[in-house]
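A.B. asks: give me coordinates for this.
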Amino acid sequence: MKVVILCGGLGTRLKEETEYKPKPMVEVGGRPLLWHIMKGYSQFGYNQFVLCLGYKGNIIRDYFINYDLRNNDFTLSLKDQGIAVHNRHEESAWEITFAETGPEAMTGARIKKIEKYIDGDTFMLTYGDGVSDVNLNELLAFHKSHGKTATITGVTPLSRFGELVAENNMVTQFNEKPKLHNKGLINGGFFIFSRKVFQYLSASDGCILEKQPLERLANEGELCVYEHRDFWQCMDTYRDFELLNQLWKENKASWKTWK
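C.D. replies: Numbers count the residues shown, from 1 in each chain. All right, here's what the predicted structure looks like:
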């Protein structure tokens, strides 16, 4: 099953990092966030990826083209420019399609443009800026159980503000980053789609997945939500970038489901 990852956006709210690189290549713990996302899928045996490229896509291409040399010892013969790699990394099973979907394309257009690379009846899709400990096998089983066109993962993000619980002007509980259980679910990505979803999309750059396509799917009863109440975090701002790196440094990276 193919895993499609949206990697082409500008990432304007993380300008401190994205001025020089695409947001999926911003590093957490010394590795691009995109690598973390792909490792999460690979942990469940999903190793075929389609990357929808746009803004500074060559940085993503170059990273993976040189992946062996970045992550292994090797010997270079200056005489004939031969390279001998001495060991292998755990990502040797990955098969990656680099699809140029344009610098201006919106999410729906990017997905439509990679239709030719989807050779099965079902495929997975997520954003290139969010990590989670969602159980992908359970997500797939849920999708198969309802038989609809699309499954979206609904998540409860961490609040950006500390939560106070008080009685008689006395604080009885303080949570620095509480979950917003009482605020409902938001779109956390980690979609599963039937091929039929391409009928709802357009290759026109202005097609936004989260607007007319998902709205129409919902109105037609073809969109189901898989509720994930555990860890999920996007990297939308510099504060998110700092939080993810702090969690990784403190060995609290709940999205790290691989060994």
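
A.B. asks: switch to C-alpha atoms for all contacts and neighbour counts from now on
C.D. replies: OK.

A.B. asks: any idea how far residue 134 is from residue 56?
C.D. replies: Distance, residue 56 to residue 134, by C-alpha to C-alpha, to the nearest Å: 29 Å.

A.B. asks: who has more neighbours, those two?
C.D. replies: residue 134 (23 against 20; other C-alpha atoms under 10 Å).

A.B. asks: which of the three states applies to the more buried one?
C.D. replies: coil (DSSP: H, G, I helix; E, B strand; the rest coil).

A.B. asks: show me what contacts it?
C.D. replies: 228, 230, 231, 232 (C-alpha atoms under 8 Å, 6 or more residues apart in numbering).

A.B. asks: next one: it from residue 43, what distance?
C.D. replies: For residue 134, the distance to residue 43 - C-alpha to C-alpha - is 11 Å.

A.B. asks: ok, the closest residue to residue 115 other than its chain neighbours to residue 122 distance?
C.D. replies: Leaving aside its chain neighbours, residue 115 sits nearest to residue 198 (7.2 Å; criterion: C-alpha to C-alpha, 6 or more residues apart in numbering). The gap separating residue 198 from residue 122 is 11 Å, by C-alpha to C-alpha.

A.B. asks: ok, residue 55 next?
C.D. replies: Residue 55 sits 27 Å away from residue 122, going by C-alpha to C-alpha.

A.B. asks: before we move on, what about residue 217?
C.D. replies: Applying C-alpha to C-alpha to residue 217 and residue 122 gives a distance of 16 Å.

A.B. asks: where does the chain have its least confident helix or strand?
C.D. replies: Each helix and strand of the chain was given a mean pLDDT (mean pLDDT, DSSP states H and E); the minimum falls on strand 170-175 at a mean of 54.

A.B. asks: OK, contacts around residue 41?
C.D. replies: Residue 41 is in contact with 3, 47, 136, counting by C-alpha under 8 Å, 6+ apart.

A.B. asks: what ranges does this structure have for its helices?
C.D. replies: 15-18, 33-42, 57-65, 67-71, 107-113, 136-146, 212-219, 238-249 (DSSP state H).

A.B. asks: so what's the model's average confidence on the first one?
C.D. replies: This points to helix 15-18. Average pLDDT, helix 15-18: 89.

A.B. asks: swap in the longest one?
C.D. replies: When the per-residue pLDDT values of helix 238-249 are averaged, the result is 95.

A.B. asks: pLDDT below threshold where in the stretch 51-200 of the chain?
C.D. replies: Residues of the stretch 51-200 of the chain that meet the criterion pLDDT under 70 lie in 159-183.

A.B. asks: for it, what spans make up the strands?
C.D. replies: Under the criterion DSSP state E, counting those that start in this stretch, the stretch 51-200 of the chain contains strands at 74-77, 82-85, 95-100, 122-127, 130-132, 150-155, 163-167, 170-175, 186-187, 191-194.

A.B. asks: any chance of those in a markdown table, plus distance to residue 224?
C.D. replies: Below are these laid out as a markdown table (distance: least, C-alpha to C-alpha, whole Å):
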| stretch | distance to residue 224 |
| --- | --- |
| strand 74-77 | 48 |
| strand 82-85 | 46 |
| strand 95-100 | 28 |
| strand 122-127 | 14 |
| strand 130-132 | 19 |
| strand 150-155 | 5 |
| strand 163-167 | 31 |
| strand 170-175 | 31 |
| strand 186-187 | 12 |
| strand 191-194 | 10 |
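
A.B. asks: out of those strands, which is closest to residue 140?
C.D. replies: Within the strands of the stretch 51-200 of the chain, the stretch nearest residue 140 is strand 191-194; the backing value is 7.2 Å (C-alpha to C-alpha).

A.B. asks: I'd guessed residue 93 sits against residue 46; true?
C.D. replies: No: between residue 93 and residue 46 there is no contact under C-alpha atoms under 8 Å: 9.5 Å.
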